[in-house]
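Novice: Structure for the following, please:
(one chain, ligands or ions: 4)
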Amino acid sequence: MAKIDFGGVEEEVITRSEFPMAKARQTLKKEVIAVIGYGVQGPAQALNMKDNGFNVIVGQSKQFQRDWDRAVADGWVPGKTLFEMEEAAQRGTIIQMLVSDAAQRAIWPMIKKCLAPGKALYFSHGFSIVYKDQTKVIPPKDVDVIMVAPKGSGLNVRRNFLSGAGINSSFAVEQDATGRAYNRCLAVGIAIGSGYLFPTTFKQEVFSDLTGERGVLMGALAGIMDAQYQVLRAHGHSPSEAFNETVEELTESLIKLVGENGMDWMYSNCSATAQRGALDWRPKFKKAVLPVFKELYQRVATGKETARVLSACGAPNYQESLRKELAELGNSEIWLAGKATRSLRPHQAAKVISKSTKGVTGRSRN
Ligand SMILES: NC(=O)C1=CN([C@@H]2O[C@H](COP(=O)(O)OP(=O)(O)OC[C@H]3O[C@@H](n4cnc5c(N)ncnc54)[C@H](O)[C@@H]3O)[C@@H](O)[C@H]2O)C=CC1
Ligand SMILES: CC(=O)[C@](C)(O)C(=O)O
Ligand SMILES: [Mg+2]
Ligand SMILES: [Mg+2]
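Specialist: Ligands and ions are numbered 1, 2, ... in the order given. Below is the predicted model:
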């Protein structure tokens with residue numbers, strides 16, 4: 001493992017050069033990897049592994065016709081590489097649990113029957129194992145239990161693979177029954193297209209992941225956007241102006257600079273006026289939301305968020321009510337304004353400018 005200094009704390013990271021693709025292929029050459037679930041992560045991981053030359057089959061319930069049809073359209077062949085979930089799980093030696101977290105609880109009794117000794121049970125989230133009191137997912141002692149959790153949407157797991165970039169993942173071994181769990185885990189991590197692999201535990205992964213997606217990555221993000229948009233609109237700003245100053249300028253400009261070189265770098269390349277205001281207001285926002293994040297982490301740690309996911313997402317009419325909720329969000333004024341704004345992005349001009357390298361390196365941090 002390479003040792004990397006993260007802001008003064010040393011952590012170990014697995015690099016592709018330590019665990020090259022040839023070693024992954026060697027490690028998994030006798031394995032049949034059964035990807036159970038063709039939702040978001042399923043297609044990305046299955047297709048990346050197949051394109052990397054691994055022996056992959058897909059298990060998908062035909063009752064979810066849309067997902068079955070997508071698997072067929074992606075080249076999986078019914079009866080050869082695409083099966084009902086139980087048959088795929090029987091055939092697989094590494095069983096990847098990539099149905100939704102609530103569905104993992106529902107299909108567990110069936111999966112458990114397919115876990116012959118020496119097989120590996122794989123997750124991309126610590127959820128089912130860590131909250132076993134609620135999910136009842138308790139693997140037998142004679143199988144490996146491993147996790148690779150890509151740190152991004154499945155869409156990017158596939159897109160980054162196709163662009164050659166890869167995506168970083170965390171990984172953990174919960175149970176090593178065969179003595180090969182660690183190598184199996186890293187080999188699958190490399191096979192699905194991970195770049196760097198960060199060691200974690202199932203518990204640390206799921207606590208941080210649930211906090212992140214409810215917080216800054218998704219929930220808090222949409223919440224603060226709504227709040228700012230509402231205030232601007234209430235003071236007579238047009239929808240386009242309110243949207244531009246809340247979302248468009250972030251996604252099209254400023255957050256890209258944060259990704260490129262950090263927050264201070266983005267600040268450095270904005271006006272002195274903006275920098276002063278942002279530095280002054282940062283602590284106020286932090287103070288306002290800190291209690292909310294503390295409450296969120298508590299709810300994650302005590303399993304309340306898990307109970308909410310299992311009861312809501314496991315309900316029979318959930319897909320219908322989810323569709324309604326997402327449609328309501330998409331049809332709210334802010335996101336309709338967003339649709340109009342996106343149609344006005346000046347793509348042509350951007351292409352011409354990108355041919356020049358003058359003036360694109362940014363202002364240094366002093
Ligand atoms: N979506 C993502 O990008 C990420 C997901 N993960 C984790 O990966 C795992 C899979 O998540 P997603 O790909 O989002 O799955 P998803 O939420 O898209 O699940 C869809 C799959 O579950 C199946 N399914 C749903 N209910 C079912 C039921 N009652 N019986 C049988 N099958 C059912 C669907 O047919 C489909 O194949 C989860 O543990 C998730 O937390 C981790 C990182 C990112
Ligand atoms: C993309 C990801 O890693 C999330 C947000 O945690 C998820 O989809 O569960
Ligand atoms: Mg995540
Ligand atoms: Mg998540």
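Novice: got a list of what the closest residue to ligand 1 within the stretch 251-366 of the chain touches?
Specialist: Nearest residue of the stretch 251-366 of the chain to ligand 1, counting by C-beta to the nearest ligand atom: Gly314, 7.6 Å away. Glycine gets a C-beta too; all of them are placed from N, C-alpha and C. By C-beta atoms under 8 Å, 6 or more residues apart in numbering, the contact set of Gly314 is Ala102, Ala103, Arg105, Ala106.
Novice: Could I get the phi/psi values of it?
Specialist: With angles defined as degrees, to the nearest 10, Gly314 sits at phi -90, psi -10.
Novice: give me the subset of the contacts of Gly314 touching ligand 1.
Specialist: Checking the contacts of Gly314 against ligand 1 by C-beta under 6 Å from any ligand atom, the ones in range are Ala103, Ala106.
Novice: Let me have the contacts of Gly314 in CSV, extended by secondary structure.
Specialist: As requested, those are exported to CSV (DSSP: H, G, I helix; E, B strand; the rest coil):
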residue, secondary structure
Ala102, helix
Ala103, helix
Arg105, helix
Ala106, helix
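Novice: need the residues of the protein near ligand 4, please.
Specialist: Taking C-beta under 5 Å from the ion as the contact definition, the chain meets ligand 4 at Asp209, Glu213.
Novice: Spell out which parts of the chain neighbour ligand 2.
Specialist: Counting by C-beta under 6 Å from any ligand atom, the chain sits next to ligand 2 at Gly152, Ser153, Asp209, Glu213, Leu217.
Novice: give me that answer again for 8 Å
Specialist: Within the chain, the residues that sit near ligand 2 (C-beta under 8 Å from any ligand atom) are 40, 125, 149-154, 209-210, 212-213, 217-218.
Novice: Could you report the neighbour count for the closest residue to ligand 1 within the stretch 1-150 of the chain?
Specialist: For the stretch 1-150 of the chain and ligand 1, the shortest gap (C-beta to the nearest ligand atom) falls at Gly39, measuring 2.2 Å. By the criterion of other C-beta atoms under 10 Å, Gly39 has 16 neighbours.
Novice: Also the one 3 residues further on?
Specialist: Burial of Gly42 is recorded as 24 neighbouring residues (other C-beta under 10 Å).
Novice: my read: it touches Ala103, true?
Specialist: No: the pair Gly42 and Ala103 fails to qualify as a contact (C-beta atoms under 8 Å) at a distance of 11.4 Å.
Novice: Please spell out which residues along the strand ranked longest in the chain are buried.
Specialist: As assigned by DSSP state E, the longest strand anywhere in the chain is strand 167-175. In terms of neighbour count (16 or more other C-beta atoms under 10 Å), strand 167-175 has its buried residues at Ile167, Ser169, Ser170, Phe171, Ala172, Val173, Glu174, Gln175.
Novice: do stretch 42-59 as well
Specialist: 42-50, 52, 54-59.
Novice: That one and ligand 1 in contact?
Specialist: Yes: residues of stretch 42-59 are located near ligand 1 by C-beta under 8 Å from any ligand atom, namely Gly42, Ala44.
Novice: What's the end-to-end length of that stretch?
Specialist: 10 Å (C-alpha to C-alpha, to the nearest Å).
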